[in-house]
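Colleague: Quick one, what's the 3D model for this:
(2 chains)
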Amino acid sequence: MNGIKWTKLNWIFFTISALFILPGVYSLVRWGLELSVDFTGGTLLEISADGLNQDGIAELINGKGLSLKSIQSSGDKSLLLRFDSLEEASKDDLLNTINETNGSLPEVVRWESLGPALGQELLTKTGISILLAILVILVYINLQFKNRAFGVCAVLAMLHDSLILLGSFSLLGHFFGVEVDSLFVTAVLTILSFSVHDTVVVYDRIRELSRINPKMSFEEISDLAISQTLVRSINNSLTIIFMLIALVWLGGETIRNFALALLIGTVAGTYSSTFTAVPLLVVWQKAFRKRWK
Amino acid sequence: MKNRRLLFWSILLLTLASLLIDLPTSYRLKFKVGSFSFDQEISRPFAFLRRFKLVRGLDLAGGVHLMFRAKMDGVAQEDRDQALVSLRDNIERRVNLFGVSEAVIQTSKAADQHRLIVELPGVVNVGEAIDLVGKTAQLDFRESVEIPPEATESATIYDLFAGKTGLTGAHLIKSEVQFNPNTGKPEVGLEFDEEGKKLFGEITGRNVEKPLAIFLDGLLVSAPQVKEPITDGKAAISGEFDLRQAKSLVSQLNAGSLPVSIELIERRQVGPTLGEESVQKSMKAGLVGLAIVALFMAIYYRWLGILADAGLIVYALISLAIYKLIPVTLTLPGLTGFLLSVGMAVDGNILIFERMKEELKQGKPWNVAMELGFGRAWDSIRDANVCTLIICFLLFNPFDWGFLSNSAMVRGFAVTLFLGVFIGMFTGIIVARTLLRVFARKKA
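Modeller: Predicted coordinates for the structure are as follows:
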């Protein structure tokens, strides 16, 4: 692989990135994200019983004048109900009525209710933690590599991954009703660190190679660095991806979306650390025409 | 050379110790060989190790998570922190009386609000729990009554202090710990308002040399002896208590005097079956994932990969032991964090092995290539993991910064990922290297 001129293919890599980012961005602008009760406030009730009929239950709830926002099945015999709000008494009343019509008292699998102010707070906190994360990583990479280009390009690659992740969930939300909750935020932050994790390894190699071969051009060094780290980068991500696929596939409803977010982010991060972070660095060096080091 | 052997044995010892802690506290062993049958409960060896258990979070154990906003409007700005502590202590006391084990009650301040977070594992009846926590504390003072001699045997504390005085927590401005200027011992100071001052003067006037009882939520808190009538509205309870006891008494008195009511703003309830199901599914997913990762390493890196797999097993054993030792409250996101870190733990190995391959390609002898691989890969491993550790720090929010999240679920993820990265660096580098050196010697 040592002879491949990766940097000559930059435009292909940027095109691939664009193909994945643009639909997501379009969806984000057009439809936004499907926010869960963590962000909007309201009540979520998951009940489980044999023979629950989705339409029947919906009718029953509307008959009671309760503010049902959505109803969907989750798992074999469970229903996920969302309300603007639901008092304890109304919930008990509802369960009793279902008991009468259905013949068995449903089990409350989950019952979450949040005031609307908390959602706003979570949004603010999310914003702050993401900004803080980006800032700290930027500072760290600048300190490590003593070169602004590295920090900026690593953060750009990181944003690339976040955009793909957010875009995917916007699309998933619009077409499949997948919701974004506080764990999704956790996934985004984790992906920020994963993205940098791989990028640092390639950049490390660029730094090392340029020290050994001071006469080589930046493009040549980048080509070599990509060739030398690509297998490692892919193998390392593969082990994480295997684990995440197992979780998405077998891990159960509650963390499926969380694992899926991590999976999409990891795949994007693996791609970007080699095929976005390095090309960006090359473009940066060309644009500013500075002697590197 | 001697050091290396020592390291090898220490790792082995550490692994065995972890294995001991990882074993279930007790397990019913049942088997039959021919005519010999065995059926006995096997306990984890060494009694002192038996107290380490895996702590399961609410989402796994089932239970209720409640968040309240404390309404502090009626409380002076400088007394609010104290009021919140009193509120917590009082609710903690009630919850303990209610018989909920391992309840967690925390205070937090966010968005200019004083908050109280109550987590009750295993509680299914939320309505009852909310009533229990949500009611405002009632403090009142009662005087003793004469008990007829024939009834002294059966008289309870309630019969003794049946005299309602009309003096309640509403009359108490505040209570604080103070030190007696003469003896230097801690005392509990009380300060009453105008009406309370008058009432307290009358009550102490007619109860000199008699006890005056203080009840909180109908339970006796303290029954100090009245020494003399107190008419200035400022009393001090002195006695043989240390600072901690004095603080606890102050907290109880304040709970009854500071008019803090609470409002429920968040409620999450998880039924017991969801958690059980989630644990089983995650375990299954984890084992399948682990098997694929191990297989991948063995196929791609051959015997090097098998050594890495041995490191991975050590990794899993140590992690589980540490979860029990700290203890880490294990949540579903926490389990995900752990499984994720299994995937990351071999990262170090992959970096090193790829490096070794390069050095070998350049014609270096095998053991030189190995040492170089470990040495040179270290910088990359460190730099790459620092970022993950920083993010874990932000997610865990150890200083409870108001502008970051302090959700138990997010924390559960951060803590297992953080530990995972650390333990993974240890097993991926030190354990793998030690095993390789032992192996390499035999090979040479």
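Colleague: Would stretch B:339-358 count as contacting chain A?
Modeller: Yes. Applying Cβ under 8 Å from any Cβ of the partner chain, one finds stretch B:339-358 touching chain A at B:339-340, B:342-344, B:346-347, B:350-351, B:354, B:358. The way it works is simple: take the backbone N, C-alpha and C, and place the C-beta from them, glycine included.
Colleague: Next: stretch B:321-332.
Modeller: Yes. Using Cβ under 8 Å from any Cβ, stretch B:321-332 reaches chain A at B:Leu332.
Colleague: Mind checking the pLDDT average for that stretch?
Modeller: Averaged across stretch B:321-332, pLDDT comes to 87.
Colleague: tell me which parts of the stretch 51-200 of chain B are close to chain A?
Modeller: B:59, B:67, B:110-111, B:126-127, B:130.
Colleague: Give me the mean pLDDT for the longest helix along chain A.
Modeller: In chain A, taking DSSP state H as the definition, the longest helix is helix A:218-250. For helix A:218-250, mean pLDDT rounds to 90.
Colleague: between the residues of stretch B:339-358 next to chain A, which has the most around it?
Modeller: B:Val346 (30 neighbours; other Cβ atoms under 10 Å in any protein chain shown).
Colleague: Not counting sequence-adjacent ones, nearest residue to that residue?
Modeller: Spatial nearest neighbour of B:Val346, excluding adjacent residues (Cβ to Cβ, 6 or more residues apart in numbering or on different chains): A:Thr239 at 5.2 Å.
Colleague: separation between the one you found and B:Leu435?
Modeller: According to Cβ to Cβ, to the nearest Å, A:Thr239 and B:Leu435 sit 19 Å apart.
Colleague: Looking at those two, which has the bigger crowd around it?
Modeller: Between A:Thr239 and B:Leu435, counting by other Cβ under 10 Å, A:Thr239 is the more crowded of the two (26 against 20).
Colleague: Now do the contacts for the more buried one.
Modeller: Listed by Cβ atoms under 8 Å, 6 or more residues apart in numbering or on different chains, the contact set of A:Thr239 reads B:293, B:296-297, B:343-344, B:346-347, B:350.
Colleague: any idea which of those residues is closest to B:Ile429?
Modeller: B:Asp347 (10.7 Å; Cβ to Cβ).
Colleague: re the thing from before, can you list which of the contacts of A:Thr239 are found in helices?
Modeller: Those of these lying in helices (DSSP H): B:293, B:296-297, B:343-344, B:346-347, B:350.
Colleague: ok, residues contacting stretch A:113-120?
Modeller: By Cβ under 8 Å, 6+ apart, the residues outside stretch A:113-120 that reach it are A:35, A:37-44, A:85-86, B:67, B:111, B:265-268.
Colleague: For it, C-alpha coordinates in PDB please.
Modeller: Taking C-alpha atoms only, stretch A:113-120 is exported to PDB below (Å, rounded to 0.1, in the frame of the first residue of the first chain):
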ATOM      1  CA  SER A 113     -42.700  12.600  33.200                       C
ATOM      2  CA  LEU A 114     -40.700  15.800  33.000                       C
ATOM      3  CA  GLY A 115     -41.500  19.400  33.400                       C
ATOM      4  CA  PRO A 116     -41.000  21.500  30.300                       C
ATOM      5  CA  ALA A 117     -38.300  23.700  31.900                       C
ATOM      6  CA  LEU A 118     -36.000  20.700  32.300                       C
ATOM      7  CA  GLY A 119     -35.900  20.200  28.500                       C
ATOM      8  CA  GLN A 120     -34.700  23.700  27.900                       C
END
